[in-house]
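>>> Got a sequence here, can you build the structure:
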Amino acid sequence: MATTKQLIDGALRTIGVLASGEQAKPSEAQDALQYAKQMLDSWSNEGLLVPALTHESFTLSSKRTYTIGPGGDFDTVRPTTIENVRIRDAGNLEMPVSIASLNLWANISLKDTVVNTPDYVYYEPEYPLGRLEFSCIPTAGDTLKLVTTKPITELPALTESVQFPPGYDKAIRLGLAIELAPEYGVDVTPAVAAGFRQAIMVLKRTNSKTRMGTVEVDSGLIRKNGYDINHGPL
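Numbering: from 1, shown residues only. Predicted coordinates for the structure are as follows:
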């Protein structure tokens, strides 16, 4: 498992800035680390590059709107996106809550009623605190179950080992090489660019296997009964 410094040295060797066995100067390593952090921050906005989804539980109170993020009503890392929402009641029964688009949310006229479980939740990813709004006031004491994408963990200190799943070290090294190339006035070779695209494609394909949604088909499209042109459905 590589350290952050080894990934940086590898990236610089990939574009020919360092020769085999050479190491980056401390100032070069620090500059490269900032580039790497910005790169991973950008990757966080591509859901399939996030190594894993985050599963969390929070206790609901008697209000419809909640902030989420450091110091918010739900004190956690601010989500980039909300992937799945459920509410578990006192009897441990879990009910799904649909994630509303902006248009659907705007068309819900009455939002302050009190029911057992809201039908919808809308997420506004404000910064530094996101905002969750339910289509009604949920029951106080029920448990909110959230599945979200969070920003990718930053690279650790230069001498510490990078803790990412298999495949990320290569993608980070090649991606960082491409990010650093203009800084050193060198061109990225087609082989490096192709290798990076391949590494990213493999990560997305791997991560997508656990995030494939279930396709729901309207029952009218899968009717088992026949149809008579003169009389209608049989």
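>>> just the strands in the protein please.
Assigned by DSSP state E, the strands in the chain fall at 54-59, 65-68, 81-88, 94-96, 98-99, 120-124, 130-134, 143-149, 227-228, 232-233.
>>> check contacts around Thr113.
Thr113 sits next to Cys136, Ile137 when contact means CB atoms under 8 Å, 6 or more residues apart in numbering. Using the backbone N, CA and C atoms, a C-beta is placed for each residue, glycine as well.
>>> Against Ile178, how distant is it?
Distance of Thr113 to Ile178, given as CB to CB, to the nearest Å: 53 Å.
>>> could you redo the strands of the chain as TSV and give each row mean neighbour count?
Formatted as TSV, those follow (neighbours: other CB atoms under 10 Å):
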stretch	mean neighbour count
strand 54-59	13
strand 65-68	19
strand 81-88	18
strand 94-96	13
strand 98-99	14
strand 120-124	19
strand 130-134	20
strand 143-149	19
strand 227-228	8
strand 232-233	8
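>>> Looking at these, spot the one closest to Ser20.
For the strands of the chain, the distance to Ser20 is smallest for strand 143-149, at 38.3 Å, taking CB to CB.
>>> And the residue nearest the centre of this structure?
Nearest to the mean C-alpha position of the chain, by CA atoms, centre = their mean, lies Thr149 at 2.9 Å.
>>> I'd say that one and Pro51 touch.
No: counting by CB atoms under 8 Å, Thr149 does not reach Pro51; the two are 10.0 Å apart.
>>> that older thread, of the strands of the chain, which is nearest Leu40?
Ranking those by proximity to Leu40 (CB to CB) places strand 143-149 first, at 13.5 Å.
>>> could you check the angle strand 120-124 makes with the closest one?
Per axes from the mean of the first three to the mean of the last three CA atoms, to 10 degrees, the angle that strand 143-149 makes with strand 120-124 is 50 degrees.
>>> hmm, who's touching strand 143-149?
Under the contact criterion CB under 8 Å, 6+ apart, strand 143-149 has outside partners 44, 47, 50, 53-60, 74, 79-88, 94, 138.
>>> Leaving out chain neighbours, which residue sits closest to Ser61?
Counting by CB to CB, 6 or more residues apart in numbering, Ala140 is the residue found nearest to Ser61 once chain neighbours are left out, at 5.2 Å.
>>> Quick check: that neighbour vs Leu60, distance?
Distance, Ala140 to Leu60, by CB to CB: 6 Å.
>>> same thing with Phe74?
Distance, Phe74 to Leu60, by CB to CB: 10 Å.
>>> repeat for Val188
Going from Val188 to Leu60 by CB to CB gives 50 Å.
>>> Have a look at those two and say which one is more surrounded.
Neighbours were counted for Val188 and for Leu60 using other CB atoms under 10 Å; Leu60 has more, 20 against 17.
>>> residues touching the more buried one, list them.
Counting by CB under 8 Å, 6+ apart, Leu60 has contacts Tyr66, Ile87, Pro138, Thr139, Ala140, Gly141, Asp142, Thr143, Leu144.
>>> Among those, which one sits closest to Gln198?
For these, the closest approach to Gln198 (CB to CB) belongs to Leu144, at 39.3 Å.
>>> Name the nearest residue to that closest one, sequence neighbours excluded.
Closest residue to Leu144 apart from its sequence neighbours, by CB to CB, 6+ apart: Phe58 at 4.6 Å.
>>> Wait, the one you found touches Phe74, no?
Yes: with contacts counted by CB under 8 Å, Phe58 reaches Phe74, the gap being 4.7 Å.
>>> Give the residues shared as contacts by the two.
By CB under 8 Å, 6+ apart, Phe58 and Phe74 have these common neighbours: Tyr66, Leu144, Leu146.
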